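Participant: sequence? don't have it. structure:
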């Protein structure tokens, strides 16, 4: 391809201001879109996080204020028997909370009693090497199977493990096991939480997410706890075929109200696990939508700017194009002229844009605790802008290429 | 002159309708996005109690018996510290606050029982926060002391249970106790609900729930703890509570104290009073640190808790970035447009128009684009706010366009377009008349 850059550069120098403006616009778009894209991807990763449980088969409802006596668990057990009688329900358990359930009980424990004593002395679990702060998920017998959790070592709880008071057995997540017993087998070890009896680890599950997400490093710090829910407020978890869940939930409300009409079942808390998960991430999905819309909007506006200016330049240079055509330039030459011109402007913009993107990322890191922008976002952003620039300039460039040589002979 | 420029601007805009439409659209979208987010931001960051906020303060002490506890005092207080400070009555007004839920039924009202949000407080809560009453009134200090079974209910609850009728004198059943309604609030929607704000710095920017509605039921603190001694939410504990501990004796923080201090001198002396209290408790061996006290103003407390959700801030920045790009677009397009008219401008200059006149004319055109963009932006802002209202966020019902924001929309649109038109206008006005005539 024989395309001298000299005349293009000369022309761009002539339109210094306009060229600079367009470059700056491309640069800002590049900087903003790279960071917005990174935010979208980060949030999308959070929304897609694996809870470790069999989500689609689960639904739940909450029952509050059953009876004012000392043993709510007895009433929960009656409720569970009634719930298991609903056709289509393959498992029913009482739980205090669920992965992504929002409300979380957390506790600290250590791999050795010495470490726990040190932590108590320091009045903080943070920074103690063999200790961790983790979420506890309590539930009635059958919870492991109802959640569809897979043990990678050990066993499920035995009927004797379940108590309403202090418990002595626990199933923990793989990541928590690795944190507490790095490089060693956690199964069968004891955990010290400051109470008189240590807790023995009887099983390990691969993935089990916290009820309330924090940092990626500790989102899997969870423990299943064979503690029978003994509060007036309880969540009943039902397992059924996904297509049955709506019907099962309706039947469950009716059944529970028959067992005890005095209870409160908040309508908002009767839902499938998927609905609960969606509402947990509702903020993030809204934000993803907004960010996506603004990124597309930015591209659109920038493309408009490129196309608008190219259009003007084509109009302005109609006569010159005619002259070039008259002295032998082909349509392809004219087309390539505008394409190359655009390529040069966008290139200049993206180089500046990549620098701006990094600077903007530094700013966001301090104000929004956003992680560092991975470098590969920059060339991707640049490539997209190049493509966008070429696309935007194509129309005006084709119009320029269609200018007949005879224009050269007309006076304007 | 005005009419002439307007005519010129309108002619020029009409000459290239597509381009004009694009510029107007870009401004409108940029303004719509910015004003939607700015309005939400404005509503969420304004003063919840404009007439009173300057005199309201939030004392904090650090009841932690361990010297290496958190560096800042807890966001709430333990029972003993809160009650000690409250019963000293050193402020012009003071109110204790604790939260909880109670099962509520209304006799003779055919509704299923519901879980009511209960705010347990003391009598001066209502006058101190200037709470409006629809029917009846708050309770007295005497009621606080005598543990009277009285309650004030919210307008929402009154509508739900009694269809908005005057329910003063009627009875509510809370858990297993009867309370008599003495007051019904009028519509009261402080934004944020400042007296419930605590722990914002641990919320990771997810603070939308601070903008919720008021509690359903307000009870005297003592009566509330008689009705359900364990029914309070606690904030945190500095050590494991003994199994037989009541909340009152537990090593937990779960209460807040708000005080009204009417003059700077009183603020100073109250600050000293809190410090003296902490010193006394330290020497009694109950506190580890006497210097860890705070007396934040209402707005200072909201700032400290970062009450405006971080997503709302982020949305605002993204929207303004969008507006910025739209403006760059407009600058480029206007520049091209004005420069293309160099012939016409040359003629006008040659016929005696001054540089200022050319510039004024160009800016007029830019301003007209801004005005049109502002109208479009206003419509898009209304659309955007409508979308925000449909979001399941606590502040959805608060979102509306007030007069200030309505005017700000046009001010921003015109200012933005004038800014965008400035550079092209300067360039256009600098053209030498003769040169332009020759080139044509």
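Facilitator: Great, that's in hand. For clarity, every value in this text was computed on a predicted model and none was experimentally measured.
Participant: What residues of the helix or strand where residue A:9 lies count as buried?
Facilitator: Using DSSP states H and E, residue A:9 sits within helix A:6-14. By 16 or more other C-beta atoms under 10 Å in any protein chain shown, the buried positions in helix A:6-14 come out as A:8, A:12. Using the backbone N, CA and C atoms, a C-beta is placed for each residue, glycine as well.
Participant: same question for that helix, mean pLDDT?
Facilitator: Predicted confidence along helix A:6-14 averages 81 (mean pLDDT).
Participant: so after that helix, what's the next helix or strand?
Facilitator: helix A:16-47.
Participant: Just checking that following helix against chain B, any contact.
Facilitator: Yes: for helix A:16-47 and chain B, the contact criterion (C-beta under 8 Å from any C-beta of the partner chain) is met by A:17, A:18, A:21, A:22, A:24, A:25, A:28, A:29, A:32, A:36, A:39.
Participant: Going through those, which ones are buried?
Facilitator: For the residues of helix A:16-47 next to chain B, buried by 16+ other C-beta under 10 Å: A:18, A:21, A:22, A:24, A:25, A:28, A:29, A:32, A:36, A:39.
Participant: Who's the closest spatial neighbour of the fourth one, skipping the chain neighbours?
Facilitator: The shortest distance from residue A:24 to any residue that is not its chain neighbour, by C-beta to C-beta, 6 or more residues apart in numbering or on different chains, is 6.3 Å, and that residue is residue B:328.
Participant: and the one you found, helix, strand or coil?
Facilitator: Secondary structure assignment for residue B:328 (DSSP: H, G, I helix; E, B strand; the rest coil): helix.
Participant: and it, what does it touch?
Facilitator: A:21, A:24, A:25, A:28, A:305 (C-beta atoms under 8 Å, 6 or more residues apart in numbering or on different chains).
Participant: Specify which member of the residues you listed is nearest to residue B:207.
Facilitator: residue A:28 (29.9 Å; C-beta to C-beta).
Participant: if we can go back for a sec, out of the buried ones among the residues of helix A:16-47 next to chain B, flag the one nearest to residue B:17.
Facilitator: residue A:18 (21.8 Å).
Participant: domain parsing for the chain?
Facilitator: No chain specified, so I'll use chain A. A:6-47+A:283-409, A:97-228 (automatic domain parsing).
Participant: oops, chain B please
Facilitator: Taken from automatic domain parsing, chain B resolves into B:2-45+B:309-439, B:53-304.
Participant: mean pLDDT for those domains: which is lowest?
Facilitator: Looking at the domains of chain B, the bottom one is domain B:2-45+B:309-439 with a mean of 86.
Participant: so how many other residues sit close to the closest residue to residue B:228 other than its chain neighbours?
Facilitator: Of all residues not flanking residue B:228 in the chain, residue B:175 sits nearest, at 5.2 Å (C-beta to C-beta, 6+ apart). Neighbourhood size, residue B:175 [other C-beta atoms under 10 Å in any protein chain shown]: 16.
Participant: In contact with residue B:175, which residues?
Facilitator: So residue B:175 contacts A:68, B:102, B:103, B:227, B:228, B:231 (C-beta under 8 Å, 6+ apart).
Participant: Identify the bridge partners of the residue nearest to the last one when sequence neighbours are not counted.
Facilitator: So the one you mean is residue B:231. Of all residues not flanking residue B:231 in the chain, residue B:100 sits nearest, at 4.3 Å (C-beta to C-beta, 6+ apart). Counting by DSSP bridges, residue B:100 is bridged to residue B:118, residue B:232.
Participant: number of nearby residues for residue B:100?
Facilitator: When neighbours are defined as other C-beta under 10 Å, residue B:100 has 23 of them.
Participant: and what of residue B:187?
Facilitator: 10.
Participant: which residue packs closest to it, ignoring adjacent ones?
Facilitator: residue B:155 (5.3 Å).
Participant: Against residue B:114, how distant is that neighbour?
Facilitator: 16 Å (C-beta to C-beta, to the nearest Å).
Participant: Show me the helices in the stretch 51-200 of chain B, by range?
Facilitator: B:79-87, B:125-128, B:141-145, B:155-162 (DSSP state H, counting those that start in this stretch).
Participant: Would you reformat those helices as JSON lines and include mean neighbour count and distance to residue B:344?
Facilitator: Rendered in JSON lines, the data for the helices of the stretch 51-200 of chain B read as follows (neighbours: other C-beta atoms under 10 Å in any protein chain shown; distance: least, C-beta to C-beta, whole Å):
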{"stretch": "helix B:79-87", "mean neighbour count": "19", "distance to residue B:344": "76"}
{"stretch": "helix B:125-128", "mean neighbour count": "20", "distance to residue B:344": "68"}
{"stretch": "helix B:141-145", "mean neighbour count": "14", "distance to residue B:344": "80"}
{"stretch": "helix B:155-162", "mean neighbour count": "19", "distance to residue B:344": "64"}
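Participant: rewinding a little: for the buried ones among the contacts of residue B:175, write the corresponding ChimeraX selection.
Facilitator: Filtering the contacts of residue B:175 down to the buried ones (16+ other C-beta under 10 Å) takes a single ChimeraX command:
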select /B:102,103,227,228,231
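Participant: Distance to residue A:257 added to the contacts of residue B:175, as CSV?
Facilitator: Below are the contacts of residue B:175 laid out as CSV (distance: C-beta to C-beta, whole Å):
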residue, distance to residue A:257
A:68, 18
B:102, 21
B:103, 15
B:227, 25
B:228, 24
B:231, 24
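Participant: now, which of the contacts of residue B:175 sits nearest residue B:344?
Facilitator: Once C-beta to C-beta is applied, the member of the contacts of residue B:175 that ends up nearest residue B:344 is residue B:102, at 77.5 Å.
Participant: Count residues in the vicinity of residue 317, would you?
Facilitator: Here I'm looking at chain A. Neighbour number of residue A:317 under other C-beta under 10 Å is 18.
Participant: my bad, chain B
Facilitator: Applying other C-beta under 10 Å, we find 16 residues neighbouring residue B:317.
Participant: residues near residue 387, how many?
Facilitator: You didn't say which chain, so I picked chain A. There are 11 residues near residue A:387, going by other C-beta under 10 Å.
Participant: ah, no, chain B please
Facilitator: Residues near residue B:387, counting by other C-beta under 10 Å, number 13.
Participant: again, but for residue B:247
Facilitator: Residue B:247, neighbours per other C-beta under 10 Å, totals 20.
Participant: Was I right to think it contacts residue B:234?
Facilitator: Yes: taking contacts as C-beta atoms under 8 Å, residue B:247 lies within contact range of residue B:234: 6.6 Å.
Participant: So for these two, which residues contact both of them?
Facilitator: With C-beta under 8 Å, 6+ apart as the test, residue B:247 and residue B:234 both reach residue B:254.
Participant: Quick check: next helix or strand after the helix or strand where residue B:270 lies?
Facilitator: Element membership for residue B:270, per DSSP H and E: helix B:264-283. Moving toward the C-terminus from helix B:264-283, the next helix or strand (DSSP H and E) is strand B:294-297.
Participant: That following strand: how far from the chain's middle?
Facilitator: Distance of strand B:294-297 from its chain centroid, counting by C-alpha atoms, centre = their mean, to the nearest Å, is 19 Å.
Participant: who touches that strand?
Facilitator: So strand B:294-297 is contacted by B:53-54, B:56-60, B:72-73, B:267, B:270-271, B:274, B:304 (C-beta under 8 Å, 6+ apart).
Participant: Please name every helix or strand in contact with the helix or strand following that strand.
Facilitator: Proceeding C-terminally, strand B:294-297 gives way to helix B:298-304 as the next helix or strand, assigned by DSSP H and E. Contacts defined by 3 or more C-beta pairs under 8 Å, 6 or more residues apart in numbering or on different chains; DSSP states H and E place helix B:298-304 against strand B:56-60.
Participant: I'm done for today, thanks for sticking with me.
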